[in-house]
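> Next comes the sequence, and after it the predicted model I'd like to discuss.
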Amino acid sequence: MYNLTEQLPIAGSSISTISYYIHSFLSESISKNRYKVAISGTAADELVTGYYDHYNLYLYEMKNSRNYNKYLNDWKKTFGKNVRNPYLKNPELYFNNPDFRDHIYLNKNEFESFLISDFSEPFNEENYSKSLLRNRMLNELFHESIPVILHEDDLNSMLYSIENRSPYLDLNLFNISYSISNEYLIQEGYAKYILRESMKGILNEKVRNDWKKVGFNASINSLLDLRNDEIKQYLLQNWKLYKFVKKHKIEKIINKDPMPNSYSKFLFSLINSCLFLEKNEKEE
């Protein structure tokens, strides 16, 4: 079993996502190879589209365009084939309900039911733009994905004395990106179309023309063998957190095979929180 406790950053919180647990090993390897600066692609998705729901939002923006049927068919031939989120399989998801956001925290209601005491946290957005697509991207940029990424990037990089740089967060690039008409952000089934075109003849063509969104993430199953009885016992021991979480519900999750991505993320967060609390208790 990987020792997650050793990888916990010196900070007032646990690791935010499984991606940044893996990122810590990447940072360690970069340092061992004596590189001093790491360049990330952070914020490219938020500047010129990239997430699967951005395409649904784009179709909503283009619903009155004379080219709408073409854009819809492009989605069906490209992005639509790779969507796993059940809500986003509907390309016209936002047409009847522009405020729909349940896809962001998949199985949220089920996970809330795992708590011994009732708890629910509403999802809120700031209003920056009348464009549904742009407003979603700006909330991701200012309040959701990017602040978390930068925080974790900084912790991992500084732990190994690496300077982390995120060139897509350049102010001038931000201003240029948000001056581009929505219609040109996605073309021929390609999200980040503007960025892809700018890299023609520079980037490997197979990578440049890949429709599939490839995130930097991993399944909990790649870290732990949840079929191993010893590991199961370890995860179901009397952690302090089980004063607030129904242990029998967690046992059911551990036994899921295969494990859906949302459950994998939840289980990592639970294990990580348990270890974080244990580590801080010992240090106190």
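Cool, got the structure. Numbers count the residues shown, from 1 in each chain.

> In this protein, where is pLDDT below threshold?
Across the chain, the ranges flagged by pLDDT under 70 are 1-12, 281-284.

> what's the single longest helix in it?
Counting residues, the longest helix in the chain under DSSP state H turns out to be helix 261-283.

> Who are the packing partners of it?
On a contact count with 3 or more Cβ pairs under 8 Å, 6 or more residues apart in numbering; DSSP states H and E, helix 261-283 meets helix 4-7, helix 18-32, helix 247-254. Bear in mind the C-beta positions are built from the backbone N, C-alpha and C, glycine included.

> For it, buried residues please.
261-276 (16 or more other Cβ atoms under 10 Å).

> Of those, just say which sits nearest to residue 172.
Nearest to residue 172 among the buried residues of helix 261-283, counting by Cβ to Cβ, is residue 265 at 34.7 Å.

> Quick check: closest non-adjacent residue to the closest one.
Closest residue to residue 265 apart from its sequence neighbours, by Cβ to Cβ, 6 or more residues apart in numbering: residue 18 at 6.5 Å.

> quick one on the thing from earlier: centre of the chain versus the longest helix of the chain, how much separation?
Between the centre of helix 261-283 and the centre of its chain there are 18 Å (Cα atoms, centre = their mean, to the nearest Å).

> Among the buried residues of helix 261-283, which one lies nearest to residue 210?
Of all the buried residues of helix 261-283, residue 210 sits closest to residue 261, with 19.7 Å by Cβ to Cβ.

> pretty sure the closest one is touching residue 84, no?
Yes: the pair residue 261 / residue 84 is scored as a contact, 7.0 Å apart, by Cβ atoms under 8 Å.

> out of the buried residues of helix 261-283, which one sits closest to residue 74?
Nearest to residue 74 among the buried residues of helix 261-283: residue 261, at 25.2 Å, using Cβ to Cβ.

> Identify the residues contacting that closest one.
Going by Cβ atoms under 8 Å, 6 or more residues apart in numbering, residue 261 touches 84, 106, 219.

> Distance of it relative to residue 250?
17 Å (Cβ to Cβ, to the nearest Å).

> And the contacts of stretch 48-67?
With Cβ under 8 Å, 6+ apart, stretch 48-67 has contacts from 44-45, 68, 71-72, 75, 79, 82-83, 85, 88, 90-95, 98, 103-104, 131-133, 136-137, 140, 177, 180, 182-183, 185-186, 191-195, 213.

> Can you check the distance spanned by that stretch, start to finish?
The first and final residues of stretch 48-67 sit 20 Å from each other (Cα to Cα, to the nearest Å).

> What segments of the stretch 101-250 of the chain are strands?
Assigned by DSSP state E, counting those that start in this stretch, the stretch 101-250 of the chain shows strands spanning 163-165.

> mind checking which helix or strand residue 55 is in?
Here residue 55 sits within helix 52-61, counting by DSSP states H and E.

> Could you identify the helix or strand that succeeds that helix?
Downstream of helix 52-61, the next assigned helix or strand under DSSP H and E is helix 68-77.

> Format the CA atom coordinates belonging to that following helix as PDB.
Coordinates of each C-alpha in helix 68-77 appear next as PDB, following Å, rounded to 0.1, in the frame of the first residue of the first chain:
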ATOM      1  CA  TYR A  68     -26.400  24.700 -35.200                       C
ATOM      2  CA  ASN A  69     -27.100  21.300 -36.800                       C
ATOM      3  CA  LYS A  70     -23.500  21.100 -38.000                       C
ATOM      4  CA  TYR A  71     -22.200  21.900 -34.500                       C
ATOM      5  CA  LEU A  72     -24.500  19.200 -33.000                       C
ATOM      6  CA  ASN A  73     -23.400  16.600 -35.600                       C
ATOM      7  CA  ASP A  74     -19.800  17.500 -34.900                       C
ATOM      8  CA  TRP A  75     -20.400  16.800 -31.200                       C
ATOM      9  CA  LYS A  76     -22.000  13.400 -32.000                       C
ATOM     10  CA  LYS A  77     -19.000  12.400 -34.100                       C
END
